[in-house]
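**Student:** My questions concern the predicted model and sequence given below.
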Amino acid sequence: MCQILIVDDETSIREIVQDYVSTLGFKSRGAASAVEALPVLERNLPIRICLLDLHLPGIDGLTLCKKIKRIDPMMITIAMTGFKSLFSLVECRQAGFDDIIFKPFNLDLVKALLFEYDSKVKRWNKDGS
């Protein structure tokens, strides 16, 4: 299963998601900000999926997504936000996000997305892409 990076400045959300994805069999890492997340990603760890809060201190989620896509264009990025009116789907797509979930989110939706994208990553790796 893919390794997942969860970037959210809200400790409780980050820990709940990390705990939940571990029950699904995924390994995960957490980061409270882009400043914490970027060194993890730049070390070429086998992280394939990133769940990113859009409202982060310092570097926001849209900017972080763009940086991630420069590091690894094949990285799956999923936006997490509680502010539907602040960030449009178009802005998220333009930044490179593959998907978006709105807080408070249903953990069953998170599960479905992670298994869907994990399956895609496995197909890409199998095909050599």
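**Tutor:** Received, thanks.

**Student:** Check which residues of the top helix by length along the chain are buried.
**Tutor:** Across the chain, the longest stretch assigned as helix under DSSP state H is helix 107-127. Within helix 107-127, the residues that count as buried by 16 or more other CB atoms under 10 Å are 110, 113-114, 117-118, 120-121. (Glycine included, C-beta is placed from N, CA and C.)

**Student:** With stretch 89-104 instead?
**Tutor:** Buried residues in stretch 89-104, counting neighbours by 16+ other CB under 10 Å, are found at 92, 95-100.

**Student:** okay, the longest helix of the chain in PDB with CA atoms only?
**Tutor:** Included here for helix 107-127 are C-alpha records, laid out as PDB according to Å, rounded to 0.1, in the frame of the first residue of the first chain:
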ATOM      1  CA  LEU A 107     -14.000   8.900   6.800                       C
ATOM      2  CA  ASP A 108     -15.700   6.500   4.400                       C
ATOM      3  CA  LEU A 109     -15.000   9.000   1.600                       C
ATOM      4  CA  VAL A 110     -11.400   9.200   2.600                       C
ATOM      5  CA  LYS A 111     -11.200   5.400   2.600                       C
ATOM      6  CA  ALA A 112     -12.700   5.200  -0.900                       C
ATOM      7  CA  LEU A 113     -10.400   7.900  -2.300                       C
ATOM      8  CA  LEU A 114      -7.300   6.300  -0.800                       C
ATOM      9  CA  PHE A 115      -8.100   2.900  -2.100                       C
ATOM     10  CA  GLU A 116      -8.900   4.300  -5.600                       C
ATOM     11  CA  TYR A 117      -5.600   6.300  -5.800                       C
ATOM     12  CA  ASP A 118      -3.600   3.400  -4.300                       C
ATOM     13  CA  SER A 119      -5.000   1.200  -7.000                       C
ATOM     14  CA  LYS A 120      -3.900   3.800  -9.700                       C
ATOM     15  CA  VAL A 121      -0.400   4.000  -8.200                       C
ATOM     16  CA  LYS A 122      -0.100   0.200  -8.300                       C
ATOM     17  CA  ARG A 123      -1.200   0.200 -12.000                       C
ATOM     18  CA  TRP A 124       1.300   3.000 -12.900                       C
ATOM     19  CA  ASN A 125       4.100   1.100 -11.100                       C
ATOM     20  CA  LYS A 126       3.200  -2.200 -12.800                       C
ATOM     21  CA  ASP A 127       3.100  -0.500 -16.200                       C
END
